[in-house]
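Chemist: Return atomic coordinates for the entry below.
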Amino acid sequence: MADQIEIADNYGGGENNFDNTFGDNKAIPRLRMNELNENSTRYDQMAAAPPDETLVYYWYTWAVITVSVGLFSFLLFASILTNKKVRRKPFNLYLLYLLVPDFTFSLLCGITCFMNAFKGSYYSKAMCNMQQWYTVFGIGGSAWINAIIAYQVHAMLKDSNVRRRYRVPTSNAVSLQCLAAFAWVIFLGSWGVYEEARFPFHSGLISGLACLPTEVDEESSYYFWLLFVPLFVGIPTFYGLHVSFDIQRRKLLPPTGKRRLLSIYFGRLLLVFCIFWIPSVILIFVLPSFTPSWSGFAGGTWSHLQTLMSAVVISRKPDIYKAFMDFLCCRPFVAKVRGRELGSESQKEDARASTVRWEKSFVLRSGVSSRRSYTDDSQSVGVGGTAPADGPLTGGDSSSILDISGNLMERKNLSSEAEGALEATTELSNDLKKSIESNDQLEISDESDDEVKDDGIEDAMV
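Modeler: Predicted coordinates for the structure are as follows:
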């Protein structure tokens, strides 16, 4: 009980304030900015909220920004996911996973802000726990995926520097690495959901705006900055910076080639993360102790712009840009529809060819039967007919022979026409098949050329 009262006193009040922080009223601001005085601690300044009218304005602004950038990031994610040719490349698969925490963080934050603004105050304790969890997932997931990408780029450049073949990670390896990073930040996000006064880690409203991991006393400050922050974003961020400095120090970046372009491309992603998230952490977790209200709002706004800039950089990769534009224009869907139509037309052509072949066979069989009939008739005339076998043919016999000959000629002409139609149809079908096969071979040869020329490194020209 004494420990609880001591923590509550650090919040600027008694047991009621402790209940508001750790109990059912977690989402209610402990105090307002106009309640601050010379005796207020920095923990009070971090928690102090502006008037509700100001909060609603901030929430609406955030909602518009976060939903906009989140949708853009999600559409880019969907365009890569639905394009087999693009997503099967390992480095593109890294980018696919990198977009997951970005659009998750932005879209869920937009939903939270809309709900808060409609209500006129922070929505609920459950929403508070949810927000601190997806914030940790969004920021931490992006940091760790960037660190994994930095490791792969570093390994590629080191192998290239010693003229050793770089083995591109398989799709399964990429997925396992990224899913392990997601599992780690999900675990870190669960810390803020666990509410116990003796557990030196807490989450709550910062400046009344958003529920985030926060500090409540000196013990929790040590735990926050010396343990949580390094595991959260500190280690991956400093590792990425180390890789950047090591590449410059050892001059690992080749003067030309696809490896240089690929390294610069992913280096820009790391730069975007550092430019946006390092200031955001300072604005959200450090400056509210000195400049409450506006710094938390500025930090949150700046952090969500990182989602936009990362998506823009990712979309500048040529194959991803093409996949994105195809997705927006519904070209994959149109191609599938045309493929079905082409398949149906091909089936119709095959049916026509089968019909022609059957007609040809029928005509030929009919011609053979007529000739056999004619032979039988002539033999019967010579043996038991009205004229002897060596005698002259009568007028009726000659006209019958002429009729049979004319019938045979007509059937022969019909057979020739059927053969011509069959040949034309066969040529058309063969041309169509050759065109399709040539297009497939062209795509395969282009991909194989890229792999042979660059040891499996994708074309990453920016």
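
Chemist: Got phi/psi on Arg32?
Modeler: When read as degrees, to the nearest 10, the backbone of Arg32 gives phi -100, psi 160.

Chemist: Return the per-residue confidence for it.
Modeler: Arg32 is assigned a pLDDT of 89 by the prediction.

Chemist: same question, the one 3 residues further on
Modeler: Glu35 carries a pLDDT score of 88 in this model.

Chemist: Can you tell me, leaving aside adjacent residues, what's nearest to it?
Modeler: Excluding its sequence neighbours, the residue lying closest to Glu35 (C-beta to C-beta, 6 or more residues apart in numbering) is Ala48, at 7.1 Å. (Glycine included, C-beta is placed from N, CA and C.)

Chemist: Likewise for Leu157?
Modeler: Spatial nearest neighbour of Leu157, chain neighbours left out: Leu252 (4.0 Å); criterion: C-beta to C-beta, 6+ apart.

Chemist: Double-check that the one you found belongs to a strand.
Modeler: No. Inclusion of Leu252 in a strand is not indicated when DSSP: H, G, I helix; E, B strand; the rest coil is applied; the result is coil.

Chemist: surely it meets Met156?
Modeler: No. Using C-beta atoms under 8 Å, Leu252 is not in contact with Met156; the gap is 9.2 Å.

Chemist: before we move on, the earlier item: could you check the pLDDT of the residue nearest to Glu35?
Modeler: Predicted confidence (pLDDT) at Ala48: the value is 88.

Chemist: cool, Val86 as well?
Modeler: Predicted confidence (pLDDT) for Val86: 92.

Chemist: Count the neighbours of it for me.
Modeler: The burial count assigned to Val86 is 22, neighbours taken as other C-beta atoms under 10 Å.

Chemist: tell me the domain boundaries of the chain?
Modeler: Structural domains of the chain, as assigned by automatic domain parsing, span the residue ranges 2-329, 341-374+417-462.

Chemist: for these, which one ends up most surrounded?
Modeler: Neighbour counts averaged per stretch over the domains of the chain are highest for domain 2-329, at a mean of 19; criterion: mean count of other C-beta atoms under 10 Å.

Chemist: can you map out the strands along the stretch 101-250 of the chain?
Modeler: Listed in chain order, the strands of the stretch 101-250 of the chain (DSSP state E, counting those that start in this stretch) span 202-206, 210-214.

Chemist: would you turn those strands into a markdown table with distance to Asp319 and mean pLDDT?
Modeler: Written out in a markdown table, the entries for the strands of the stretch 101-250 of the chain read as follows (distance: least, C-beta to C-beta, whole Å; pLDDT from 0 to 100):
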| stretch | distance to Asp319 | mean pLDDT |
| --- | --- | --- |
| strand 202-206 | 41 | 90 |
| strand 210-214 | 37 | 92 |
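
Chemist: do you know which of those lies nearest Gln177?
Modeler: strand 210-214 (25.0 Å; C-beta to C-beta).

Chemist: Can you list the strands that that closest one pairs with?
Modeler: Based on DSSP bridges, the strands next to strand 210-214 in the sheet, each with its direction, are strand 202-206 (antiparallel).

Chemist: What lies in contact with the partner strand?
Modeler: Applying C-beta atoms under 8 Å, 6 or more residues apart in numbering, the set of residues contacting strand 202-206 from outside is 21-22, 26-30, 46-47, 49, 122, 128-129, 132, 191-193, 195, 211-216, 220, 284-285, 288, 296.

Chemist: Using PDB, write down the CA coordinates of it.
Modeler: Presented in PDB, the C-alpha positions along strand 202-206 are these (Å, rounded to 0.1, in the frame of the first residue of the first chain):
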ATOM      1  CA  HIS A 202       3.300   1.300 -17.500                       C
ATOM      2  CA  SER A 203       1.300   2.700 -20.300                       C
ATOM      3  CA  GLY A 204      -1.100   5.600 -20.300                       C
ATOM      4  CA  LEU A 205      -2.200   8.800 -21.900                       C
ATOM      5  CA  ILE A 206       0.500  11.200 -22.900                       C
END
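
Chemist: From Lys258, how far out is Leu93?
Modeler: When distances are taken as C-beta to C-beta, to the nearest Å, Leu93 and Lys258 turn out to be 18 Å apart.

Chemist: repeat for Cys109
Modeler: Taking C-beta to C-beta as the criterion, Cys109 is separated from Lys258 by 37 Å.

Chemist: Could you tell me which ranges of this protein sit under the pLDDT cut-off?
Modeler: Residues of the chain meeting the criterion pLDDT under 70: 1-24, 256-257, 289-293, 335-352, 354-462.

Chemist: name the helices or strands packed onto the helix or strand containing Arg259?
Modeler: When elements are assigned from DSSP states H and E, Arg259 belongs to helix 258-281. Contacting helix 258-281 under the criterion 3 or more C-beta pairs under 8 Å, 6 or more residues apart in numbering; DSSP states H and E are the following elements: helix 90-119, helix 125-161, helix 235-249, helix 294-315.

Chemist: Got the phi and psi for Lys89?
Modeler: Torsion angles at Lys89 (phi, psi; degrees, to the nearest 10) stand at phi -80, psi 130.

Chemist: Any idea which of the strands of the stretch 101-250 of the chain gets closest to Thr82?
Modeler: strand 210-214 (33.0 Å).

Chemist: Can I get the closest one as CSV, trimmed to CA atoms?
Modeler: The C-alpha atoms that make up strand 210-214 are tabulated as CSV, following Å, rounded to 0.1, in the frame of the first residue of the first chain:
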residue,chain,number,x,y,z
ALA,A,210,-2.6,8.9,-27.2
CYS,A,211,-2.0,5.9,-25.0
LEU,A,212,1.7,4.9,-25.2
PRO,A,213,4.3,3.3,-23.0
THR,A,214,5.2,5.9,-20.4
